[in-house]
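**Student:** got a predicted structure here, sequence first:
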Amino acid sequence: MRRLSDREQLLIYLLLAVLFIAGNMLFLPRLSAWQKILQLKIASQERDKQSNNERIAQYDKWKERDEWLKARVPLGDNLTLAQASLLEELQKNLAGAGVETVDRPFIDTSPVQKGAATSNSLPDDWIQLTARFSCTGTLEQVVRLSVELQQSVRFQTVSQYKIVADKDPNKVLCEMHITRWLQP
């Protein structure tokens, strides 16, 4: 076998350099894209691990919260009684606040909608009673009434609230939805 001349060796080295550069131009972007994807996956896995560790650390707290809720949330086994109780309490609160009712309160019962703005963390089977009514009074009276109705102890909240000016300049017209949650 004959020995390669200097010119042939130079051409081979040049060919290898061109192949190396061309290979880098073709594969380097793909390798960097794969590296970015893998780094994103690693970061996502680390966030998931951290989130899971936090959930594990808070498990006892959430279990205690669930037990507390089960012990304190009113039972909805008799819906008619629960509706009557809510209406009676509303009538007392309305009379005590000194506001006049425009529309008498009425109850709408429905199961809790998962993903609704007020019930994200509630179980699927909870019952929600919603009393809807309109009243008029001074702004101070209406605000005091809404504060009085917003009672977390009874698992009750003002879920919708709309105030508009009344014909009388000293009064406002208010539409409220009071929601109370019950266990089945």
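**Tutor:** In hand now; what should we look at?
**Student:** now do the strands in this protein.
**Tutor:** Secondary structure of the chain (DSSP state E): strands located at 100-111, 127-137, 156-165, 172-182.
**Student:** mind putting these in TSV, mean neighbour count included?
**Tutor:** The C-beta positions use only the backbone N, C-alpha and C, and glycine is treated the same way. Shown next, in TSV, are the strands of the chain (neighbours: other C-beta atoms under 10 Å):
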stretch	mean neighbour count
strand 100-111	13
strand 127-137	19
strand 156-165	14
strand 172-182	20
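**Student:** redo those as JSON lines? Include mean pLDDT.
**Tutor:** Shown next, in JSON lines, are the strands of the chain (pLDDT from 0 to 100):
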{"stretch": "strand 100-111", "mean pLDDT": "67"}
{"stretch": "strand 127-137", "mean pLDDT": "83"}
{"stretch": "strand 156-165", "mean pLDDT": "84"}
{"stretch": "strand 172-182", "mean pLDDT": "85"}
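**Student:** for this protein, what's the longest helix?
**Tutor:** Ranked by number of residues, the top helix in the chain under DSSP state H is helix 6-57.
**Student:** run the chain-centre distance for that helix.
**Tutor:** 39 Å (C-alpha atoms, centre = their mean, to the nearest Å).
**Student:** before we move on, what about stretch 162-175?
**Tutor:** 32 Å.
**Student:** what's it in contact with?
**Tutor:** With C-beta atoms under 8 Å, 6 or more residues apart in numbering as the test, stretch 162-175 has contacts from 99, 102, 132-139, 142, 145-146, 160-161, 176.
**Student:** start and end of that stretch, how far apart?
**Tutor:** Criterion C-alpha to C-alpha, to the nearest Å; first-to-last residue distance in stretch 162-175 is 5 Å.
**Student:** and D125, how far from A84?
**Tutor:** As judged by C-beta to C-beta, to the nearest Å, D125 and A84 stand 22 Å apart.
**Student:** cool, H177 as well?
**Tutor:** For H177, the distance to A84 equals 18 Å [C-beta to C-beta].
**Student:** same check on F106?
**Tutor:** To A84, F106 is 12 Å away according to C-beta to C-beta.
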